[in-house]
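>>> Give me the fold of what follows.
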Amino acid sequence: MSDALAVTDLHAALGDLEILRGVDLTVPFGEVHALMGPNGSGKSTLTHALMGQPEYTVTGSAEVDGDEILGLPVHERARLGLFEAFQYPVVVPGVSLDDLISEMAALAPDPATVSSRVAVAAASMRMGDFLTRSVNDGLSGGEKKRSEMFQLAVAEPKMAVLDEIDSGLDIDAVREVAELVEELRGDRVGVLIITHYSRILRYLRIDHIHVMVRGRIVRRGGADLAEELEATGYDGMREPSEAP
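Got it, this is the predicted structure:
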């Protein structure tokens, strides 16, 4: 069986600036992984490269369930099962969340199945009052992230990349978002959480942690690696070529 996400020797540059310098990262189905690292390490660039932001020059390989996604337009990557939850969810005035979900359903192989998922997810995530409101308009930070998790539940992707979903949230909202992520865990989806801090990871069952420094993965480990980083910071992390 293929992995939910398999990234091999991924390089990404913005103009003449090389940001990702050979990233190898695998997320199997059924697992929740975390990507941690200091500011400027390339974590968000990895997200942009996976989602097909056109300003980046990207080489290497990135597969979702065995399908190569590099070189494809964004909507084709989404069709193959890639989903991103944004650090700063976009406000879309005039487009209701229900309208957005309806467009998602229209593109699905079985729209009726999507409709049933909407009813279940809206009830469990308390989203009923938000369906008629414009997407993310007037919502608090926690409500926006809950809306993102609702869209993820409805979309049922193969691979979900959650870019700093704990950013700007108070401790109660962090716990709530983490609980929603755990509810979405399943053997047909892989999850990669990108974060600076370990606080959201305390409420999750993390299978593996990857540490990125200067555009490369320099350390891998289990959930206890987050606590080590909390205690020591990233200063002690080196690239493999820099090891004494």
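>>> A strand includes residue 21, no?
Yes: judged by DSSP: H, G, I helix; E, B strand; the rest coil, residue 21 forms part of a strand.
>>> distance of the nearest residue in space to it that is not next to it in sequence from residue 145?
In this structure, residue 21 finds its nearest non-sequential neighbour in residue 215, 4.1 Å apart by CB to CB, 6 or more residues apart in numbering. Backbone N, C-alpha and C define where each C-beta goes, glycine included. According to CB to CB, to the nearest Å, residue 215 and residue 145 sit 27 Å apart.
>>> ok so, going back, surely the residue nearest to residue 21 is in contact with residue 18?
Yes: applying CB atoms under 8 Å, one finds residue 215 in contact with residue 18, separated by 7.0 Å.
>>> where does the residue most central in space within the chain fall, phi/psi-wise?
Among the residues of the chain, residue 161 comes closest to the average C-alpha position under CA atoms, centre = their mean, at 1.6 Å. Backbone torsions for residue 161, taken as degrees, to the nearest 10, come to phi -110, psi 120.
>>> Which residues does it form beta bridges with?
residue 84, residue 192 (DSSP bridges).
>>> Can you name the residues that contact it?
Counting by CB atoms under 8 Å, 6 or more residues apart in numbering, residue 161 touches 47, 50-51, 82-85, 192, 194.
>>> would you list every one of the helices in the protein?
Counting by DSSP state H, one finds helices in the chain at the ranges 43-51, 74-79, 97-107, 111-124, 141-155, 171-184, 224-232.
>>> I'd like those as TSV, with mean pLDDT appended.
Putting the helices of the chain into TSV (pLDDT from 0 to 100) gives the following:
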stretch	mean pLDDT
helix 43-51	95
helix 74-79	92
helix 97-107	83
helix 111-124	79
helix 141-155	87
helix 171-184	86
helix 224-232	86
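>>> do you know which of those lies nearest residue 59?
Residue 59 lies closest to helix 43-51 among the helices of the chain, at 9.7 Å (CB to CB).
>>> Excluding its own residues, what touches that closest one? List them.
Residues contacting helix 43-51 (CB under 8 Å, 6+ apart): 5, 7, 10, 12, 14, 19-20, 23, 25, 35-37, 56, 58, 62, 69, 74, 77, 82, 84, 87, 161, 163-164, 194, 212, 215.
>>> In terms of neighbours, single out the busier of residue 215 and residue 18.
Legend: neighbour count by other CB atoms under 10 Å for residue 215 and residue 18, higher for residue 215 (24 against 14).
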